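Chemist: 3D model of this:
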Amino acid sequence: RAYTHAQFPSAGAVVSFVGTTRDVFQGNKVEKLEYECYTPMAITKLQELCLLIRTRWDVCKIYIAHRTGTVKVGESSVIIAVSSPHRQDALQATHWCIDELKATVPIWKKEFFEGGEVWKENETQRREMRAPKVSPL
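Modeler: Down below sits the predicted model:
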């Protein structure tokens, strides 16, 4: 669905990222994740991400979706697809987008593992959205 949404006649590239639940994290066997979000603010932040991507990279279409609720091991929690006339813009925009999504969008993750559970914050502290920067090749 993400790929189909991101396709565009003048796009020479469609890049996608799919974040999945892994079975072990920091030495703990993961059983499942649960995501919660503040929907109105999350939607606003996702729209801001799309606008910032469009100001920095030459992209055709953008697709972003993040699940809420229970996500089992092996299942996807987030998917991003970006199309552009040339692959470099789509690759850079997708990479920047997942980093910014994790840092700025109000989505919270509770991790269930053998012996316990914990609400997890991203290792990088939440911060204000930053302007996209392109790294030199």
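Chemist: Settle this for me: Ala2 is touching Ala65, isn't it.
Modeler: Yes - here Ala2 reaches Ala65: they are 6.8 Å apart, a contact under Cβ atoms under 8 Å. From N, CA and C alone the C-beta is placed, and that goes for glycine too.
Chemist: Tell me which of those two has more neighbours.
Modeler: Ala2 (19 against 14; other Cβ atoms under 10 Å).
Chemist: so what's that one up against?
Modeler: Residues counted as contacts of Ala2 (Cβ atoms under 8 Å, 6 or more residues apart in numbering) are Ser16, Tyr63, Ala65, Ile79, Ile80, Ala81.
Chemist: out of everything not next to it in sequence, what's closest to the fifth one?
Modeler: Computed as Cβ to Cβ, 6 or more residues apart in numbering, the closest residue to Ile80 that is not its neighbour in sequence is Phe17, at 4.6 Å.
Chemist: What segments of this protein are helices?
Modeler: Using DSSP state H, the helices of the chain run over residues 2-6, 39-56, 87-104.
Chemist: okay if I get those helices as TSV plus mean pLDDT?
Modeler: Converted to TSV, the helices of the chain look like this (pLDDT from 0 to 100):
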stretch	mean pLDDT
helix 2-6	92
helix 39-56	97
helix 87-104	96
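Chemist: Now render those as JSON lines, adding distance to Gly69.
Modeler: Shown next, in JSON lines, are these (distance: least, Cβ to Cβ, whole Å):
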{"stretch": "helix 2-6", "distance to Gly69": "19"}
{"stretch": "helix 39-56", "distance to Gly69": "12"}
{"stretch": "helix 87-104", "distance to Gly69": "18"}
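Chemist: Distance-wise, check the residue of the chain positioned farthest from its centre relative to Glu31.
Modeler: Taking Cα atoms, centre = their mean as the measure, the residue most remote from the mean C-alpha position of the chain is Gly115, 28.3 Å away. Distance, Gly115 to Glu31, by Cβ to Cβ, to the nearest Å: 10 Å.
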